[in-house]
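Asker: Sequence first, then the predicted structure, then my questions.
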Amino acid sequence: MSNRQRIACLAGDGVGPELMGEATRALSRLSELHALAIDEEHLPFAGEAVTRFGHPLPLSTRSAYRSADAILVAAPCEPALEALKADLDLVWRVSRVHLHPAGDVLVFAGVGSSWPQHAVHRAFFSAGSKHGRLTAVGSSPAWRAAVEAEHERWGAMDVEHRTIGETLVRLREPAGDLDVVVTEAELAEPLTDAAARLGGSLATVAHAWLAEGGPGLFVPGASESADVAGFGVADPTAMLLTVSLLLAEGLQRRSAARTLERAVTAVAQLNGSITGTRSFTDAVIDRLAEARTDVELFEEIWT
């Protein structure tokens with residue numbers, strides 16, 4: 001039985017192909033450093049698929065990504081993305097926002113009307129692997145019951161219940177003690193957007209939608225206008241951080257995810273001194289070896 005994992009890559013139009021190319025380069029180097037066995041399958045999607053097959057999400061693409069281990073999309077503004085979500089059995093989501101200079105915040109939530117227990121469990125797991133604290137934002141009885149049921153399993157976990165207004169105020173503070181948030185499905189998008197606008201940047205947001213079985217979907221939070229396509233100036237930060245989220249939550253390769261995350265953060269902190277799509281990724285790839293921290297115990301804790 002093969003231990004190889006397969007990523008379905010959907011570049012889309014505009015700057016999507018350029019960003020997917022940078023993601024592929026980073027993954028190739030990470031695979032060497034962390035001995036990853038990953039295959040990429042690049043599939044027609046959106047405008048390219050319309051040109052070739054007359055449909056933005058052709059049957060051949062759907063068949064291929066359904067059997068993949070994870071799906072990586074480079075074009076978050078493609079209308080076909082909603083059809084892609086509807087085609088998958090997605091039950092929970094997580095968004096990662098890099099806050100300056102406090103660190104990162106992870107926002108977990110259910111998807112649609114699905115039972116929130118999956119999202120709550122993953123949020124507690126993530127909080128337990130970090131600083132042992134969790135912020136719960138929501139009010140419906142079913143949602144609160146899910147949080148309390150999970151809290152009983154974790155015992156000493158520090159859980160605080162906040163309104164969305166109180167949470168937004170916390171996002172403005174530089175203290176950096178807000179790192180894992182779990183919320184109701186309808187609050188996930190506005191809370192993530194607020195975190196990006198108040199404390200971080202839309203260029204440092206990565207989204208994931210996960211299923212109980214089957215591939216998860218990983219998409220950057222923002223993309224630049226198609227007008228800059230082909231000029232080599234698109235910012236690959238969000239795309240590379242999305243690859244990091246895919247490695248952690250989609251493929252359970254958390255040490256590799258952390259390596260990439262640290263390298264991207266280090267380059268981003270240079271305050272724009274490295275510009276250009278390829279130059280930025282080159283700088284990230286150059287820092288991967290020094291950003292690597294992957295002892296067996298670390299991998300075991302995060303798996």
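Answerer: Noted; the coordinates are in hand. Numbers count the residues shown, from 1 in each chain.

Asker: Scan the chain for its longest helix.
Answerer: helix 16-34 (DSSP state H).

Asker: What are the buried residues along it?
Answerer: 16-27, 29-30, 33-34 (16 or more other CB atoms under 10 Å). In short, each C-beta sits where N, CA and C put it, glycine included.

Asker: Out of the residues you listed, which comes closest to V159?
Answerer: Nearest to V159 among the buried residues of helix 16-34, counting by CB to CB, is H34 at 33.2 Å.

Asker: Relative to S255, how far out is the closest one?
Answerer: From H34 across to S255, the span is 6 Å (CB to CB, to the nearest Å).

Asker: quick check: domain ranges of this structure?
Answerer: 1-88+214-303, 91-206 (automatic domain parsing).

Asker: rank those domains by mean pLDDT and give me the bottom one.
Answerer: Of all those, the minimum mean pLDDT falls on domain 91-206 (a mean of 86).

Asker: Give me the distance between the two termini of that one.
Answerer: Taking CA to CA, to the nearest Å, the first and last residues of domain 91-206 lie 17 Å apart.

Asker: do the same with stretch 144-164
Answerer: First-to-last residue span, stretch 144-164, CA to CA: 14 Å.

Asker: Can you mark which positions in it are buried?
Answerer: 146-147, 150, 154, 159, 162, 164.

Asker: Can you say which two of the residues you listed are spatially most distant?
Answerer: W154 and I164 (23.3 Å).

Asker: Bridged to the residue lying closest to T204 once chain neighbours are set aside, which residues?
Answerer: Nearest-residue entry for T204: H98, 3.7 Å, with adjacent residues in sequence omitted and distances by CB to CB, 6 or more residues apart in numbering. Taking DSSP bridges as the rule, H98 bridges to D104.

Asker: ok, H98 touching T265?
Answerer: Yes - proximity of H98 to T265 meets the contact threshold set by CB atoms under 8 Å, at 6.8 Å.

Asker: who's more crowded, those two?
Answerer: Each of H98 and T265 had its neighbours counted (other CB atoms under 10 Å), and the higher figure belongs to H98 (25 against 19).

Asker: Look up how far A203 lies from that one.
Answerer: Taken as CB to CB, the span from H98 to A203 is 9 Å.

Asker: could you pull out the helices for the stretch 51-200 of the chain?
Answerer: Along the stretch 51-200 of the chain, counting by DSSP state H, counting those that start in this stretch, helices occupy 59-66, 80-86, 117-129, 141-154, 164-172, 185-199.

Asker: Dump these to a markdown table, plus distance to L288.
Answerer: Below are those laid out as a markdown table (distance: least, CB to CB, whole Å):
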| stretch | distance to L288 |
| --- | --- |
| helix 59-66 | 27 |
| helix 80-86 | 29 |
| helix 117-129 | 22 |
| helix 141-154 | 34 |
| helix 164-172 | 30 |
| helix 185-199 | 25 |
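
Asker: between those helices, which gets nearest to S244?
Answerer: helix 117-129 (14.0 Å).

Asker: now for the closest one, which elements pack on it?
Answerer: Other elements packing on helix 117-129 under the criterion 3 or more CB pairs under 8 Å, 6 or more residues apart in numbering; DSSP states H and E are strand 90-99, strand 103-110, strand 133-137, helix 141-154, strand 180-183.

Asker: residues in contact with the last one?
Answerer: Yep, that's strand 180-183 we're talking about. With contact meaning CB atoms under 8 Å, 6 or more residues apart in numbering, strand 180-183 is reached by 105-109, 119-120, 123-124, 126-127, 130, 133-138, 147, 164, 167, 191.

Asker: Spit out the contact partners of A109.
Answerer: 92-94, 116, 119, 182-185, 187-188.

Asker: Any idea what it is bridged to?
Answerer: R93, T183.

Asker: related to what we said a few turns ago, ranking by neighbours, what's the top pick from the contacts of A109?
Answerer: V182 (31 neighbours).

Asker: What sits closest to that residue if chain neighbours are left out?
Answerer: A123 (3.7 Å).

Asker: how far away is that neighbour from A83?
Answerer: 28 Å.

Asker: go on, P17?
Answerer: Distance from P17 to A83, by CB to CB: 20 Å.

Asker: and if you look at H55?
Answerer: 10 Å.

Asker: do A146 as well
Answerer: 29 Å.

Asker: next one: S273
Answerer: Per CB to CB, S273 is found 40 Å from A83.

Asker: more neighbours, these two?
Answerer: A83 (14 against 8).

Asker: follow-up on the earlier one: between the helices and strands packed on helix 117-129, which gets nearest to L246?
Answerer: strand 90-99 (10.9 Å).

Asker: Which strands and helices lie in contact with the closest one?
Answerer: strand 103-110, helix 117-129, helix 185-199, strand 205-211, helix 237-245.
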